[in-house]
Every structure is written in structure tokens, then in C-alpha cells.
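S.K.: Provide a 3D model corresponding to the input given below.
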Amino acid sequence: MFATEESLAFNIVADRKNVGVSITPEYVNEVSALIEENMNAQLLERITFNPDQCGGKPCIRNMRIRVTDVIELLAAGLTPAQIVDEELPDLEPEDVTACLLYAAAKLNHPVLQAA
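M.R.: Have a look, this model is predicted:
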């Protein structure tokens with residue numbers, strides 16, 4: 001989603017002594033959404049697929065660590081720090097976040113119901 005002139009809501013305030021920009025909450029929300037979307041896309045690039053590795057299941061950065069491995073560890077009660085520090089030291093904290101984003105994206109797909 002790209003901002004258009006109409007959607008950028010800000011006001012230029014000028015008087016004899018001061019010139020400034022007053023940013024509306026709508027503009028802040030739009031910019032925040034664009035930043036979040038970009039950050040999520042960068043994190044999801046950590047999830048890789050290789051048909052010759054782990055049966056083609058989604059893995060993390062071409063390692064033989066499946067997304068489901070991380071999700072199962074989280075479900076078992078481990079914290080992301082424990083996973084990275086103790087269980088899977090090849091991972092980075094961002095990898096755990098990427099696994100959660102991937103799982104959320106897979107679960108948040110539209111379902112069409114036949115009438």
C-alpha cells in the first residue's frame with residue numbers, strides 16, 4: 001500500500017515567527033502500518049523452502065530447523081530466549097519472530113463458505 005496525496009493527512013502551520021508541520025494521527029497510523037509491513041516482509045524472508053530438505057517443509061534460513069520445531073518449543077513453554085540460547089543456538093531471536101509471523105500468516109487466510 002502506498003500513500004497518496006489524499007491519504008497523507010498533515011497540516012502545514014505558518015505564522016510570522018514559526019513554520020511547522022502538524023501530523024495527524026491518521027498519518028502516523030498509515031506510516032506505522034507501512035513500516036510494520038516492511039519489517040514483516042523482511043522477517044518472513046528468513047523462512048525458506050527446499051524440496052530436498054526436511055521434505056520441503058518451511059525451515060529457517062536454509063538450516064534443517066523447521067518452523068514447526070520452533071512453534072512446538074514455544075508451545076511446550078520455552079521462551080524465545082531459551083530456544084535461542086539453549087535449544088537451538090544457531091537461531092537468532094528474529095528467527096523465532098519470523099516463525100510466529102509465518103504461522104500467523106498461514107492461519108489467517110480467508111475461508112470461503114459455500115452457500
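S.K.: so what's the residue nearest to residue 80 when sequence neighbours are not counted up against?
M.R.: Closest residue in space to residue 80, ignoring its immediate chain neighbours: residue 96 at 4.2 Å, by C-beta to C-beta, 6 or more residues apart in numbering. (Glycine included, C-beta is placed from N, CA and C.) Contact partners of residue 96, counting by C-beta atoms under 8 Å, 6 or more residues apart in numbering, are 70, 74, 80, 83, 84.
S.K.: and for the residue lying closest to the first one once chain neighbours are set aside, the neighbour number?
M.R.: Looking back up the chat, that one is residue 70. Sequence neighbours aside, residue 99 is the residue nearest to residue 70 in space, at 4.2 Å (criterion: C-beta to C-beta, 6+ apart). Neighbour count for residue 99, taken as other C-beta atoms under 10 Å: 28.
S.K.: next: residue 70.
M.R.: Applying other C-beta under 10 Å, we find 26 residues neighbouring residue 70.
S.K.: confirm that the residue nearest to residue 80 sits in a helix.
M.R.: Yes. Using DSSP: H, G, I helix; E, B strand; the rest coil, the assignment for residue 96 is a helix.
S.K.: any idea how far it lies from residue 33?
M.R.: Distance, residue 96 to residue 33, using C-beta to C-beta, to the nearest Å: 23 Å.
S.K.: next one: residue 74
M.R.: To residue 33, residue 74 is 26 Å away according to C-beta to C-beta.
S.K.: higher neighbour count, those two?
M.R.: Neighbour count, other C-beta under 10 Å: between residue 74 and residue 33, residue 74 has more, with 17 against 11.
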